[in-house]
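Enquirer: mind looking at a prediction? Sequence and model below.
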2 protein chains.
Amino acid sequence: MKSLKVGIIGFGTVGTGVYKLLQSFPQIEIKKIAVKNINKKREIENFNTELLTDNPYEIVNNPEIDIVIEVAGGVNPTFDILMTAVKNKKHIVTANKELLAKKGSELFQCAKENKVIILYEAAVAGGIPIIMPVKTILCANKINKIAAILNGTTNYILTKMAEKELSYETALSQAQELGYAETDPTGDVEGYDAAYKIAILSTISFGKKIDINKIYREGITKIKAQDIKSAKELGYTIKLIAMGQVLDDGKIDVRVHPMLVAKKHLLAKVKNATNSIMLSGYPVGDLVFTGAGAGAEPTSSSVVGDLLVLASDLEVSNSPMPLTVCRHEEYAEQIDIGDTYNEYYIAITATNNPGAIGLIGTICGKHNINISTIMQKGINEDNTAEIVVITEKSKESDVQNALKEILESDRIKCIDNLLRVMN
Amino acid sequence: MKSLKVGIIGFGTVGTGVYKLLQSFPQIEIKKIAVKNINKKREIENFNTELLTDNPYEIVNNPEIDIVIEVAGGVNPTFDILMTAVKNKKHIVTANKELLAKKGSELFQCAKENKVIILYEAAVAGGIPIIMPVKTILCANKINKIAAILNGTTNYILTKMAEKELSYETALSQAQELGYAETDPTGDVEGYDAAYKIAILSTISFGKKIDINKIYREGITKIKAQDIKSAKELGYTIKLIAMGQVLDDGKIDVRVHPMLVAKKHLLAKVKNATNSIMLSGYPVGDLVFTGAGAGAEPTSSSVVGDLLVLASDLEVSNSPMPLTVCRHEEYAEQIDIGDTYNEYYIAITATNNPGAIGLIGTICGKHNINISTIMQKGINEDNTAEIVVITEKSKESDVQNALKEILESDRIKCIDNLLRVMN
């Protein structure tokens, strides 16, 4: 295989994993590594510190470098750095989901003009091969649905909440202690990370650009121990689901929110920090891909995999294989959450009043919402009652309107939660 | 995309599926289709019968044809036909697992000499993307273990035996009525089909040629309703597992046999005709790929996927991407089943004799076999007793010797079954 010269931008956990894995591939020569702090002590055997620079432009402007590996993350200043790399005709391998979701359109346009290729298997679901398979071996399919667990941190927290009956706060702090969650967990627990990933995956699966700002997003911070308990009693488990689907009218529905997932569903069985992607298409049917969605080692498998694919491509031609090029021109018409149809789980606290169930039933009926299950379990000490409702498929805006009306009644103390259901 | 001319050999379920799917890809022109019976009525809209020939050599010798799609199956006469195609510099896309497992070595050697490429995603696990991902995006990994359900027919039969408590014979005949099993089911139920597939998958995963004749193979015909019942009571389900692993000494263990799979294992949850492949490697960790392993539509996804990858490759270069080329030179050193270590399920019928359990325990101990579970459930009407033993990890030859010795005792009526266990 032809020797290729690469520069690595970012040398944290993933960057170090990539560096270590590349030691087994002598055809890839690491010319430079851009770091934040050049003097930081690195726990790597026989490491040549002369490789380090604190100026990433020494990589992207270096005429000797063929490929830039970007594992620094973030949009600023990474976007400008990568745009410079592309303008300097360097191919890119990146794990940066945020940058691709927010600025991918500009970056890919620039890559097209400069005839370079950008690969990003590691940006979605860590070590699970999904981007490359969708672009290559599955390309004869019309993919119309994705439902996935794309964030390991939240799946870990939800798993522990269910297994050990912990509150969200306790499960989060345990996840932080074990390194599964960051000190500021916002990006994970509020669903931003999953939203970036489903935006990228929906774009390549459906062939249209997805506007990250139009993705409906709810995190897991509002999930209570009581919700998990009620879900369990009804035969469900709660997961943060990233989904994308092409509707009959061609509009595209992309969103991230917690869902009650039926216990028999394959995604219900995905535990701890594992990721899993269910993809449906014609003619292939349903496929499920499961594996480690994060961590230095799984992520380095995808980064170096992309690099070796690129090296193999470049060995036979200066132009990369057309299938691996992203060339989506058109934006998807994304549907508003209010216009989607879902089954719902509604948890309500009523004052202890004989009319509460009747009231809920009447208002739901008025708003075209059929109730499939209703469960009230005795009366609390403070004389309130917890009521759980599961609905048949209903329009989100109808459900929101019904809840507003239900809440107006003095028989109802509060709406504890509204979650969507996947059977 | 550059226009490519293809010929299709075989026009049964899969061939027809491929033909139909190709109608959406005008860049691929079908020049000829070789069939057994040219006069058979075909249920295809606007079908041009002039495409048909009953002589496949009209395809492989046709200078206009760039790529041969082979979905006829079998080794004779298909091998000679494909060798002719390769010598005539035609690329091949095939779904023929038997041919690849038995004669792949010769075919790939000839392809190398003639600088053509052979792709075969559809040969293993139908629509599930596994061959291409292992060859490309996962190529930075050292894969050391595969455990898979690769035969839909047997998984369907075992699922029905478990769910409806059917005998093997009844479940088989129901599967035959529904078209899940063939009139002569030997290829599926005796594990030949799974053995071909694990041979192919092990070759590309471990990078060494596998001798199909050295693969230990047991089918499912000996599985009794009682085994499934006992397995269930012990927390297991029975699956036909195709496995391959690289041992610490570099030897390779490839085999196909039924196993008791712990209920919590992801492969235990794979039902009916679905296939699933668990693959472990470094640095990626454990990956699981699940989907439809057979059928016209899923299989056509893989055949046309290969074709479009090939078309994309050929668009930029006359040489295919090096990564997609099979170039394993060395044969694996395959381990004998007697030298493998496994946990075992042993079902024994004893005469109603107080010494039977003691005898089994003593003989197992003598042969270095630790028993982890032993279960006897009362006495049968004929005064015999069924005893089930689960062992800790033991050497297969020790277990076989122990069973011989156990069987010699007049306290033992028979050994009902010996199965391996996956936790």
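Expert: Alright, I've got the coordinates. Numbering: from 1, shown residues only, chains lettered A, B, ... in the order given.

Enquirer: what residues does the stretch 301-423 of chain A have near chain B?
Expert: Taking CB under 8 Å from any CB of the partner chain as the test, the list of the stretch 301-423 of chain A residues beside chain B reads A:301-302, A:304-309, A:312-313, A:315-317, A:319-323. To be clear about C-beta, it is placed using only N, CA and C from the backbone, and glycine gets the same treatment.

Enquirer: how about 10 Å then?
Expert: A:301-309, A:311-325 (CB under 10 Å from any CB of the partner chain).

Enquirer: tally up the residues packed near A:Glu106, please.
Expert: 12 (other CB atoms under 10 Å in any protein chain shown).

Enquirer: mind checking which of the residues of the stretch 301-423 of chain A next to chain B are buried?
Expert: A:301-309, A:311-316, A:320-321, A:323-325 (16 or more other CB atoms under 10 Å in any protein chain shown).

Enquirer: and A:Pro26, which of the three is it?
Expert: coil (DSSP: H, G, I helix; E, B strand; the rest coil).

Enquirer: wait, it touches A:Ala311, no?
Expert: No - if you go by CB atoms under 10 Å, A:Pro26 and A:Ala311 don't touch, sitting 11.8 Å apart.

Enquirer: how about the strands in the stretch 201-350 of chain A?
Expert: A:216-217, A:236-246, A:252-262, A:274-282, A:285-292, A:341-351 (DSSP state E, counting those that start in this stretch).

Enquirer: each with direction, which strands does the shortest one pair with?
Expert: In this case it means strand A:216-217. strand A:252-262 (parallel) (DSSP bridges).

Enquirer: thinking again about what came up before, among the residues of the stretch 301-423 of chain A next to chain B, name the ones in helices.
Expert: Assigned to helices by DSSP state H, the following of these qualify: A:301-309, A:311-316.

Enquirer: pick out the lowest-pLDDT one from those.
Expert: Taken together, those show their lowest pLDDT at A:Val316, with 81.

Enquirer: wait, doesn't it sit right on B:Ser317?
Expert: Yes - look at A:Val316 against B:Ser317 with CB under 10 Å: they come within range, at 4.3 Å.

Enquirer: need the overlap of contacts for these two.
Expert: Here A:Val316 and B:Ser317 have no joint contacts, going by CB atoms under 10 Å, 6 or more residues apart in numbering or on different chains.

Enquirer: distance of the nearest residue in space to A:Val270 that is not next to it in sequence from A:Thr159?
Expert: Spatial nearest neighbour of A:Val270, excluding adjacent residues (CB to CB, 6 or more residues apart in numbering or on different chains): A:Ser276 at 4.2 Å. Distance of A:Ser276 to A:Thr159, given as CB to CB, to the nearest Å: 13 Å.

Enquirer: kindly report the same for A:Val303.
Expert: 27 Å.

Enquirer: where does the stretch 1-150 of chain A dip in pLDDT?
Expert: A:1-2 (pLDDT under 70).

Enquirer: typed the wrong thing, it's the stretch 201-350 of chain A
Expert: For the stretch 201-350 of chain A (pLDDT under 70), the answer is none.

Enquirer: again, 90 this time
Expert: A:266, A:312-329 (pLDDT under 90).

Enquirer: now the helices for the stretch 51-200 of chain A?
Expert: A:57-60, A:78-87, A:97-113, A:131-135, A:152-164, A:168-177, A:186-189, A:192-206 (DSSP state H, counting those that start in this stretch).

Enquirer: quick one: the longest one near chain B?
Expert: Just to be clear, that refers to helix A:97-113. No - judged by CB under 10 Å from any CB, helix A:97-113 makes no contact with chain B; its nearest approach is 15.0 Å.

Enquirer: what angle sits between that helix and helix A:192-206?
Expert: Here helix A:97-113 runs at an angle of 40 degrees relative to helix A:192-206 (axes from the mean of the first three to the mean of the last three CA atoms, to 10 degrees).

Enquirer: and helix A:97-113 with helix A:78-87, angle?
Expert: Note on geometry: by the same axes, to 10 degrees, helix A:97-113 and helix A:78-87 are set 20 degrees apart in direction.

Enquirer: buried set for helix A:97-113?
Expert: Of all the residues in helix A:97-113, those buried under the rule 16+ other CB under 10 Å are A:97-105, A:107-108, A:110-112.

Enquirer: across the sheet, point out what pairs with the residue nearest to A:Val270.
Expert: A:Ile149, A:Thr290.

Enquirer: show the contacting residues for it.
Expert: Taking CB under 10 Å, 6+ apart, we find A:Ser276 in contact with A:125, A:128, A:147-150, A:155, A:239, A:266-270, A:288-291, A:293, B:266, B:288, B:290.

Enquirer: of all the strands of the stretch 201-350 of chain A, which one is nearest B:Val261?
Expert: strand A:285-292 (16.0 Å; CB to CB).

Enquirer: buried set for that closest one?
Expert: A:Gly285, A:Asp286, A:Leu287, A:Val288, A:Phe289, A:Thr290, A:Gly291, A:Ala292.

Enquirer: with stretch A:375-388 instead?
Expert: Here stretch A:375-388 shows A:Thr384, A:Ala385, A:Glu386, A:Ile387, A:Val388 as buried, counting by 16+ other CB under 10 Å.

Enquirer: check stretch A:269-277 too.
Expert: Buried, per 16+ other CB under 10 Å, within stretch A:269-277: A:Lys269, A:Val270, A:Lys271, A:Ala273, A:Thr274, A:Asn275, A:Ser276, A:Ile277.

Enquirer: wait, the second one sits on A:Val288?
Expert: Pointing back at A:Val270 there. Yes - here A:Val270 reaches A:Val288: they are 9.2 Å apart, a contact under CB under 10 Å.

Enquirer: could you find the closest non-adjacent residue to A:Ile337?
Expert: Closest to A:Ile337 by CB to CB, 6+ apart is A:Tyr216, at 4.0 Å.

Enquirer: what do you get for A:Ile241?
Expert: A:Met259 (4.5 Å).

Enquirer: check the burial of that neighbour by counting its neighbours.
Expert: Around A:Met259 there are 25 other residues, counting by other CB under 10 Å.

Enquirer: hang on, it packs against A:Gly191?
Expert: No - with contact defined as CB under 10 Å, A:Met259 does not reach A:Gly191; the gap is 11.9 Å.

Enquirer: count of residues packed around A:Pro298?
Expert: With other CB under 10 Å as criterion, A:Pro298 counts 26.

Enquirer: identify the residues contacting it.
Expert: So A:Pro298 contacts A:14, A:17, A:122, A:125-128, A:275, A:291-292, B:141, B:281, B:283-287 (CB under 10 Å, 6+ apart).

Enquirer: with A:Arg42 instead?
Expert: A:Phe11, A:Thr16, A:Tyr19, A:Ile33, A:Val35, A:Thr49, A:Leu52.

Enquirer: so which of the buried residues of stretch A:375-388 is the closest to chain B?
Expert: Ranked by distance to chain B (CB to the nearest CB), the buried residues of stretch A:375-388 are led by A:Val388 at 27.2 Å.

Enquirer: what's across from the closest one in the sheet?
Expert: Beta bridges link A:Val388 to A:Ala347, A:Met375, judged by DSSP bridges.

Enquirer: would you confirm that it contacts A:Ala350?
Expert: No - with contact defined as CB under 10 Å, A:Val388 does not reach A:Ala350; the gap is 11.2 Å.

Enquirer: next, show the common contact partners of those two.
Expert: Looking at what touches both A:Val388 and A:Ala350 (by CB under 10 Å, 6+ apart), the common residues are A:Gln376.
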